[in-house]
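>>> Here's my sequence, what's the structure:
(one chain, ligands or ions: 1)
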Amino acid sequence: MATPAIVLSQVTKRYHQQPVVDSVSLTIAAGETLVLLGTSGSGKTTTLKMMNRLIDADEGTIAINGTDVRQQSPHELRRGIGYVIQEAGLFPHYTVADNIALVPRLLDWPPDRIAQRTHELLTMLHLPESLLTRFPDQLSGGQRQRVGLARALAADPPIILMDEPFGALDPLTRADIRREFRELDALQRKTIVLVTHDVREAFALADRVALMDAGRIVQLGEPNVLRDSPATPFVRRFVDA
Ligand SMILES: Nc1ncnc2c1ncn2[C@@H]1O[C@H](COP(=O)(O)OP(=O)(O)OP(=O)(O)O)[C@@H](O)[C@H]1O
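Below you'll find the predicted structure:
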């Protein structure tokens, strides 16, 4: 069997002795889109951030492609893991071009290779070249989100982590970008972990959904399984809402 892309084994994170992620175990296959769904404060973001060591777990282990994340430096680890957050998390004092080139520069790509890759990404994400010299606050929310995705995809990492990536967008733009996202060839073979509190979004994008409550995974399965066979009354209420 192929090595899973991401394996969490009994991972716990506490703040002030209170577990906010409570003994979570989860195996994510290479190429899978796994959505962490749950109410505010259920531990989704903390779970995601432990995967690229923005937060270190207190207990348990996390392996990426078979290697414990603690055996790699955070920098090394993050080169293989794209990260997209709400409002795209772009650097405000960098132009669009510099934001997109961030990881390729860290990897010492020559300028012509960076330029070519940037051009490819703009085409793929339907962004005009004229945006390259602008700063993030000179873009629309949808453009910022696309630039954030371009930045995450720049060095073609096999894993992408996304935290409420469409959260700041109006419903129409959100639906458009979600559709594009589903159809993007560059994302088809990637392992994606996406955090959202939006059931519809989760069901539209996920291969499997992990529904979290109070730091635990309450149910893990394909969308139709959560819908048709909710494991608990909480799952039923959440899914019906
Ligand atoms: N640095 C911190 N110090 C103390 N408590 C924290 C810290 N970070 C997160 N928490 C708490 O941990 C719990 C889980 O937070 P987390 O951000 O993982 O939830 P979430 O499910 O992503 O919620 P949201 O959808 O609101 O972002 C929350 O109760 C939060 O207040």
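
>>> From now on I want contacts and neighbour counts done on CA atoms only, so please keep to that.
Noted.

>>> what residues does the protein put near the ligand?
Proximity of the chain to the ligand (C-alpha under 6 Å from any ligand atom) is limited to residues 15, 20, 39-46.

>>> Quick check on those: which are buried?
20, 42-46 (16 or more other C-alpha atoms under 10 Å).

>>> can you give me the helices for the protein?
44-51, 74-79, 96-100, 102-106, 111-124, 141-153, 171-183, 185-188, 199-205, 223-228, 233-240 (DSSP state H).

>>> What is the third one packed up against?
Helix 96-100 is packed against helix 141-153, with contacts defined by 3 or more C-alpha pairs under 8 Å, 6 or more residues apart in numbering; DSSP states H and E.

>>> thinking again about what came up before, same list (the buried ones among the residues of the chain next to the ligand) but as CSV, adding distance to residue 113 and pLDDT.
Below are those laid out as CSV (distance: C-alpha to C-alpha, whole Å; pLDDT from 0 to 100):
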residue, distance to residue 113, pLDDT
20, 43, 97
42, 42, 95
43, 39, 96
44, 36, 97
45, 34, 96
46, 35, 97
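
>>> As TSV, these with distance to residue 59 would be great.
Compiled in TSV, those are given as follows (distance: C-alpha to C-alpha, whole Å):
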residue	distance to residue 59
20	12
42	18
43	15
44	17
45	17
46	13
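
>>> Next, give me the two most distant ones among the residues you listed.
With C-alpha to C-alpha as the measure, no two of those lie farther apart than 20 and 45, at 10.2 Å.
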